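> Here you go, sequence then predicted model.
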Amino acid sequence: MEEERLVDPTESNDDKPTENALRPKKIEDYIGQDKIKENINITVQAAQKRGEPIEHMLLYGAPGLGKTTLAHIIANEMGANIRVTSGPAIEKSGDLAAILTNLSDGDILFIDEIHRLHKTIEEILYPAMEDNVLDIIIGKGPSARTLRIDLPKISIIGATTKVSLLSAPLRDRFGVIHHLNFYEHADIEKIIKRNSGILNTSLDESSAIEIARRSRRTPRIANRLLKRVRDYCEVKSDGTINKENCFSAFEMLEVDEHGLDWIDRKILETIIDKFDGGPVGLNTIAATTGEDVSTVEDVYEPYLMQLGFIDRSPRGRIVTDIAYRHLGKKRLK
C-alpha cells in the first residue's frame, strides 16, 4: 500500500523535521519508560565517574517508541559526539571500517536496524566491540594476511525492532540491553501536551485524551496525529484544538477511538461480511483486500490482535465479539 497511513509507527520522510524538533535532549525531559530511564541514568553516571565510555547498549522494541531519541539523549548526557548510521546503509566491510576509523575516543556509534547488518560485517564489528581493534584481511587465498588497526575507545548503541533476527554472537557483545514497551495512556497525554507547547498550539485536556486514545500507545503516532489535528484546526477554526474540532478532524482522517484507520476496518469487515467472521486463511484475506500477505501479517494484524479484535486459530483468523461490537455488527451464526 503506497498511501501513507497516519497510524503507521514506522518513520516517514515527513516525520523527520518535526521529530527532530520535538525530540527531548535530556533524560529528565524524556517521558515514559521510567525503569529504562533509571537504568540508563545509572549506566551514564557510573561511566562518567570512571571516566570511561558507556558499555555497548542494545535498544529493542516496536517502531516509534523512542530508541533513536534515547541514543541521542545518552550522547548528550555523556557529552559525546554521536555518529548515526543503519544496518542497510553499511553495504561493505570498507564502509564500516571508514566509519570506525573516523571516530574519536568517547564517541558513540548508533546503528539503527542493526539486525540487518550483513554477517561478514558483523564479524568485523566483534573485535571492534571487544578489543577496540579493527581486523582487515588484505589479499585473497594463501597470500591473504590480516592487518590489525587500533581503534579509539568508542561505544556502540544498536537499535532493532526484531531482536530475534540478531545473531547470538552479536547480541552477547552488548553489555546493556533494554526492551522499550508500549507507553501508558497517561504518558502519551503528557507527551502530547509537551509537544503542543513546542508547536505553539493551544490544546485542552479532553483533546489530549482523544489524541492519546488513537495513538496506539506510540509517541511517533501521537505526534503525527497532533500535527494533523493542528492543521485541521488552523484551517477550519482559530487554530485552537478543542474536543469538538478534534472529533471533526479524526472523522475526516478516518481514525476511530481505538486508533483503527480505514484499512484496519476494511480487513475486519471483509472477514465479517464475506466469511461470516472466519475462520479464514491469511492468503485469502490478503487476496480479498488487495494487500500483500506479509503486510497483512506484519503491519495490520499485530495491532488488531493486541486489541483482541482478531484471534488466530489452526484454521485461520477469526473476528472476535469485541470487534463486532466496535463495528456495530451482529454475528449471523
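Arrived safely. All figures in this text were calculated on a predicted structure; none of them were measured in a lab. Residues are numbered from 1 along each chain as shown.

> For the residue nearest to residue 303 when sequence neighbours are not counted, which residues are in contact?
Closest residue in space to residue 303, ignoring its immediate chain neighbours: residue 216 at 6.1 Å, by Cβ to Cβ, 6 or more residues apart in numbering. Placement of C-beta: from N, CA and C, glycine included. For residue 216, the contacting residues are 7, 9, 182, 259, 303, by Cβ atoms under 8 Å, 6 or more residues apart in numbering.

> show me where this protein has strands.
Here the chain has its strands, by DSSP state E, at 57-60, 82-86, 108-112, 133-138, 145-150, 155-160, 176-179, 310-313, 316-319.

> What would the last one look like as PDB? C-alpha coordinates only.
What follows is strand 316-319, C-alpha atoms only, in PDB (Å, rounded to 0.1, in the frame of the first residue of the first chain):
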ATOM      1  CA  GLY A 316      -7.300 -19.200  10.200                       C
ATOM      2  CA  ARG A 317      -8.200 -15.800  11.500                       C
ATOM      3  CA  ILE A 318     -11.400 -15.200  13.400                       C
ATOM      4  CA  VAL A 319     -13.000 -11.800  14.200                       C
END
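
> How is the chain partitioned into domains?
Each structural domain of the chain that the record assigns through automatic domain parsing is listed here as a residue range: 33-179, 185-253, 262-327.

> pLDDT score for the spatially closest residue to residue 104 that is not a sequence neighbour?
The shortest distance from residue 104 to any non-neighbouring residue, by Cβ to Cβ, 6+ apart, is to residue 152 (5.4 Å). Residue 152 carries a pLDDT value of 90.

> rewinding a little: most packed of the domains of the chain?
With neighbours defined as mean count of other Cβ atoms under 10 Å, the domains of the chain peak in mean count at domain 185-253, which reaches a mean of 19.

> Centre of the chain to that domain, how far?
When distances are taken as Cα atoms, centre = their mean, to the nearest Å, domain 185-253 is centred 20 Å away from the chain's centroid.

> and residue 14, how many neighbours?
Other residues within reach of residue 14 by the criterion other Cβ atoms under 10 Å amount to 11.

> Just put the strands of the chain in JSON lines and tack on distance to residue 326.
Supplementary listing: the strands of the chain in JSON lines, determined by distance: least, Cβ to Cβ, whole Å:
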{"stretch": "strand 57-60", "distance to residue 326": "31"}
{"stretch": "strand 82-86", "distance to residue 326": "37"}
{"stretch": "strand 108-112", "distance to residue 326": "35"}
{"stretch": "strand 133-138", "distance to residue 326": "55"}
{"stretch": "strand 145-150", "distance to residue 326": "59"}
{"stretch": "strand 155-160", "distance to residue 326": "33"}
{"stretch": "strand 176-179", "distance to residue 326": "29"}
{"stretch": "strand 310-313", "distance to residue 326": "12"}
{"stretch": "strand 316-319", "distance to residue 326": "10"}
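
> Nearest to residue 273 among these would be which one?
With Cβ to Cβ, the closest approach to residue 273 among those belongs to strand 316-319: 10.2 Å.

> for the closest one, packing partners?
helix 262-275, helix 282-289, strand 310-313 (3 or more Cβ pairs under 8 Å, 6 or more residues apart in numbering; DSSP states H and E).

> hmm, try it at 10 Å
In terms of contacts (3 or more Cβ pairs under 10 Å, 6 or more residues apart in numbering; DSSP states H and E), strand 316-319 is packed against helix 262-275, helix 282-289, helix 301-306, strand 310-313.

> For residue 107, which of the ones you listed is the nearest?
Distances from residue 107 to each of the helices and strands packed on strand 316-319 were compared using Cβ to Cβ; the shortest belongs to helix 301-306, at 35.9 Å.

> Which elements pack onto that closest one?
When contacts are defined as 3+ Cβ pairs under 10 Å, 6+ apart, helix 301-306 packs onto helix 262-275, strand 310-313, strand 316-319.

> Ok, which of those comes nearest residue 25?
When these are ranked by proximity to residue 25, the top entry is helix 262-275, at 34.7 Å, counting by Cβ to Cβ.

> tilt between that closest one and helix 282-289?
With axes from the mean of the first three to the mean of the last three Cα atoms, to 10 degrees applied, the angle from helix 262-275 to helix 282-289 works out at 110 degrees.

> which secondary structure elements does helix 262-275 contact?
Counting contacts by 3+ Cβ pairs under 10 Å, 6+ apart, the secondary-structure elements packed against helix 262-275 are helix 282-289, helix 301-306, strand 310-313, strand 316-319, helix 321-327.

> Enumerate every residue touching residue 198.
By Cβ atoms under 10 Å, 6 or more residues apart in numbering, residue 198 lies in contact with 18, 21, 22, 23, 24.

> Pull the most distant pair out of the residues you listed.
Spatially, the most separated pair among the contacts of residue 198 is 18 and 24, at 13.7 Å (Cβ to Cβ).

> These two: which has the busier surroundings?
Neighbours around residue 18 and residue 24, counted as other Cβ under 10 Å, are more numerous at residue 24. The numbers are 19 against 16.

> where does the more buried one land on pLDDT?
Per-residue confidence at residue 24 stands at 91 (pLDDT).
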